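Visitor: only the shape, not the letters, is given here:
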Ligand SMILES: [Mg+2]
């Protein structure tokens, strides 16, 4: 049997700094008996898309190693091809990875790539852009445009930006033709959801399915400030659909009919949308690599079973009373140990400071001897 061909595309700049070690992990955990792999680093924005488009139908899997932006770039290069999108999530949101149950621990993500189980998912087309996860207009799009200009990008900077921009932001009027029904709304934002979540388990469309050929349109109307805590809790607890400021409509096609061009986002990446634009769905247009049904049993639960068996086999029952006694005795000893160590701490700290800054005191050295 010929080996599967897999290309890993690593974005060295996205998300949190895991990239230095990721190449070693790929080398270590790849099943080389069954897989031939190559690693390519991206060098500029849009490069991941160029590479993946050039590899479509030439390799079995192209793996995006990066955040949601990299996943979007790689994925849209593969739409309609036989080549599957794999993900090693290294971003701050990891929306699609979370939705597909791909573990954030890279070792397990690589093991899933080794197994190469795939399924087909829908893709959303918004204007000229593609979204695999969630696209939108309104406040979240506005934030994605601002965030693209921030130099240091992380969850903290993202939350800061939201806190700073929220008081200034005004809800806008939108006209949408959703499957031939006209909706006119003053909305804070409107999301077009393929998956249930933006990322970080913030669920904008709890009932969305990525293989039903439908877009979950989530219209969040202008709301008073006192509604914010409830909205946030509901976003995190997967029941935003119960909020009175939120409408969710399942749709096949949406026409945006607005007076002005709009700021938009596709999977968190800023895009521009003309006043009249279509949002449509490409049913089952993308192959993605997903965990097998028993992956988590073999990875997560087997070690726990092994440990239980090990304990049962190695500790005879009569010793358990011993262990219990030793634990009890040790617990009684703990306050003394803590007390003794606490007295030492000022000395240890002082010595460490002296050593670190080269302030060694002869007096202390003498005392120690
Ligand atoms: Mg759907």
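Guide: Arrived safely, thanks for sending. As the structure is a computational prediction, the values presented were derived from the model and not from experiment. Numbers count the residues shown, from 1 in each chain.
Visitor: which parts of the stretch 201-350 of the chain are helices?
Guide: Ranges of helices within the stretch 201-350 of the chain are 228-236, 295-296, 302-314, 317-356, based on DSSP state H, counting those that start in this stretch.
Visitor: least reliable of those helices going by mean pLDDT?
Guide: Among the helices of the stretch 201-350 of the chain, helix 302-314 has the lowest mean pLDDT, at a mean of 56.
Visitor: isn't residue 196 right up against residue 240?
Guide: No - using CB atoms under 8 Å, residue 196 is not in contact with residue 240, being 9.9 Å away. (Glycine included, C-beta is placed from N, CA and C.)
Visitor: which residues are common contacts for those two?
Guide: Shared contacts of residue 196 and residue 240, defined by CB atoms under 8 Å, 6 or more residues apart in numbering, are found at 203-206.
Visitor: please enumerate the helices of the stretch 1-150 of the chain.
Guide: Going by DSSP H, counting those that start in this stretch, the stretch 1-150 of the chain shows helices at 19-29, 47-55, 68-76, 95-99, 106-115, 139-147.
Visitor: for those, which has the smallest mean pLDDT value?
Guide: Sorting the helices of the stretch 1-150 of the chain by mean pLDDT places helix 19-29 lowest, at a mean of 85.
Visitor: report all helices and strands that that one contacts.
Guide: Judged by 3 or more CB pairs under 8 Å, 6 or more residues apart in numbering; DSSP states H and E, the packing partners of helix 19-29 are strand 4-10, strand 35-41, helix 106-115.
Visitor: between it and helix 106-115, how big is the angle?
Guide: 50 degrees (axes from the mean of the first three to the mean of the last three CA atoms, to 10 degrees).
Visitor: from the shared contacts of residue 196 and residue 240, which would you call buried?
Guide: Neighbour-count burial (16 or more other CB atoms under 10 Å) is assigned, among the shared contacts of residue 196 and residue 240, to 203-206.
Visitor: need the max-distance pair from these.
Guide: Spatial extent of these (CB to CB) is set by the pair 204 and 206 at 8.2 Å.
Visitor: around the ion, pick out the residues from this structure.
Guide: Applying CB under 5 Å from the ion, one finds that the chain approaches the ion through 209, 212, 214.
Visitor: quickly note the distance from the first one to residue 33.
Guide: Shown here: residue 209 relative to residue 33, a distance of 36 Å by CB to CB, to the nearest Å.
Visitor: the two: who's more crowded?
Guide: The neighbour comparison of residue 209 against residue 33 (other CB atoms under 10 Å) goes to residue 209, with 16 against 7.
Visitor: next one, pLDDT for that one please.
Guide: Here the pLDDT value assigned to residue 209 is 97.
Visitor: neighbours around the residue of the stretch 1-150 of the chain found nearest the ion, how many?
Guide: Ranked by CB to the ion, the top residue of the stretch 1-150 of the chain for proximity to the ion is residue 122, at 5.7 Å. Look at residue 122: counted by other CB under 10 Å, it has 21 neighbours.
Visitor: can you pull the contacts of it?
Guide: Listed by CB under 8 Å, 6+ apart, the contact partners of residue 122 are 194, 210-214, 281-286.
Visitor: at 10 Å what do you get?
Guide: Applying CB atoms under 10 Å, 6 or more residues apart in numbering to residue 122 gives the contacts 132, 194-195, 208-215, 281-286.
Visitor: same check, this time on residue 248
Guide: 191, 193, 204-208, 216-220, 240-241.
Visitor: neighbour-wise, which of these leads?
Guide: Ranking those using other CB under 10 Å puts residue 193 first, with 28 neighbours.
Visitor: so that residue makes contact with residue 131?
Guide: Yes - taking contacts as CB atoms under 10 Å, residue 193 lies within contact range of residue 131: 9.0 Å.
Visitor: how about residue 264: which residues does it bridge to?
Guide: Listed beta-bridge partners, residue 264: residue 137, residue 271 (assigned using DSSP bridges).
Visitor: I'd like to know how far it sits from the ion.
Guide: 19 Å (CB to the ion, to the nearest Å).
Visitor: okay, now the unreliable bits of the stretch 151-300 of the chain?
Guide: Confidence mapping of the stretch 151-300 of the chain against pLDDT under 70 gives the ranges 298-300.
Visitor: list the contacts of the residue lying closest to residue 282 once chain neighbours are set aside.
Guide: Closest residue in space to residue 282, ignoring its immediate chain neighbours: residue 123 at 4.5 Å, by CB to CB, 6 or more residues apart in numbering. Neighbouring residues of residue 123 by CB under 10 Å, 6+ apart: 75-76, 78-80, 130-133, 194, 210, 280-286.
Visitor: how does this structure divide up, domain by domain?
Guide: As assigned by automatic domain parsing, the chain contains the domains 4-117+290-298, 130-281, 315-368.
Visitor: hang on, residue 7 packs against residue 53?
Guide: No - counting by CB under 10 Å, residue 7 does not reach residue 53; the two are 11.9 Å apart.
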